[in-house]
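# just the structure for this:
(one chain, ligands or ions: 2)
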Amino acid sequence: MPETTRLRDRERTAERLLASSAKLSFDPLKDVDWDSAPEPGRYYCPPHRLSLYGTPLWETLDEERRIELSKHETASIASVGIWFEEILMQMLLRHAFDQDPTSAHVQYALTEIGDECRHSVMFAKMISWMGVPAYGARPVAHNLGRLFKAISTHSQTFGGTMYVEEILDAFQRELMADETLQPLTRQVSRIHVIEESRHISYAREELVRRRLGPVRRRYEQLFIGLIVYFATVSLIHPRLYRAVGIAPEVGSAAAKANPHWRATKVEMAAKVIGVLDRAGLVGRTNRWLLRAAGVIH
Ligand SMILES: [Fe+2]
Ligand SMILES: [Fe+2]
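Ligands and ions are numbered 1, 2, ... in the order given. A predicted model of the protein is given here:
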């Protein structure tokens, strides 16, 4: 595709996304009922998506503790969402820094930073509302994030962004649709799904605009593999199992060996792994990492 056509196409995408943002955006401070109390007897996310679902350990938990586990796992995923959104905000700022701010492309990057800023506050408020800790990523992943947000390349920025946004999207789409769950976690999911669908289009289209040579492609694949690995294994913090009376190492080992949990991860990641594959970002260099993350068989 000639450069001028590519730029025109890029501007058109951004103009469409800016128009959509103007029509439907949320203010989580006002659009979520923070004064409501958690409803007794309701799960915070679908129980069959929990890391221990279907294991012998799951059978030892009564209903109350299963609900408690759903609260801590939802909070853990949200806290990792904040970790990634903070990384993404910096990567988008770096992306915008050297480009023409009057372009729709840069204005949408800035709009997306605004969205992510509100999302992180929303997730943080939800974690406080639940009364649980913000588990976050473990130290190694956290510090790799510190480095990554400062030096990521174009493919890593948009490939990594798409990965995290798509797996969260798959989880939250199910959560928002299930009427038996806590109304507040459903509303938070709904707001996030609507605004993220624009971010996913932006990242997906931007990702395929950059052509990679064979050597460069291997290099980018390795980084994409590392992002997929660390983002996925960070979702459920081992410490949270303590909240339901399970030792962290026992809970983690059970989750790791759990075929239901593996199937959930494979299912949540299927769409985005397909997109990354079509962009040339899945191959021999990173398949072992995707397998270690449990997102491909
Ligand atoms: Fe977000
Ligand atoms: Fe996003």
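
# what about the helices in this protein?
Here the chain has its helices, by DSSP state H, at 3-23, 28-31, 56-60, 63-97, 104-130, 139-151, 154-177, 183-209, 214-234, 248-256, 259-278, 284-293.

# give the buried residues for the shortest one.
Of the residues in helix 28-31, residue 28 count as buried by neighbour count, 16 or more other C-beta atoms under 10 Å. Placement of C-beta: from N, CA and C, glycine included.

# pLDDT score for the residue of the stretch 1-150 of the chain found nearest ligand 2?
For the stretch 1-150 of the chain and ligand 2, the shortest gap (C-beta to the ion) falls at residue 116, measuring 5.5 Å. As predicted, residue 116 sits at a pLDDT of 97.

# how close does it sit to ligand 1?
5 Å (C-beta to the ion, to the nearest Å).

# low-confidence ranges in the stretch 1-150 of the chain?
1 (pLDDT under 70).

# deepest of the helices of the chain, which one?
Highest mean neighbour count of the helices of the chain: helix 154-177, a mean of 22 (counted as mean count of other C-beta atoms under 10 Å).

# what is it packed up against?
Secondary-structure packing of helix 154-177 (3 or more C-beta pairs under 8 Å, 6 or more residues apart in numbering; DSSP states H and E): helix 63-97, helix 183-209, helix 214-234, helix 259-278.

# redo those helices as JSON lines? Include distance to ligand 2.
JSON lines is the format used below for the helices and strands packed on helix 154-177 (distance: least, C-beta to the ion, whole Å):
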{"stretch": "helix 63-97", "distance to ligand 2": "6"}
{"stretch": "helix 183-209", "distance to ligand 2": "3"}
{"stretch": "helix 214-234", "distance to ligand 2": "13"}
{"stretch": "helix 259-278", "distance to ligand 2": "13"}
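
# could you find the closest non-adjacent residue to residue 262?
residue 294 (4.9 Å; C-beta to C-beta, 6 or more residues apart in numbering).

# contact partners for the one you found?
232, 256, 261-262, 265-266 (C-beta atoms under 8 Å, 6 or more residues apart in numbering).

# so residue 217 makes contact with residue 281?
Yes. If you go by C-beta atoms under 8 Å, residue 217 and residue 281 touch, sitting 7.5 Å apart.
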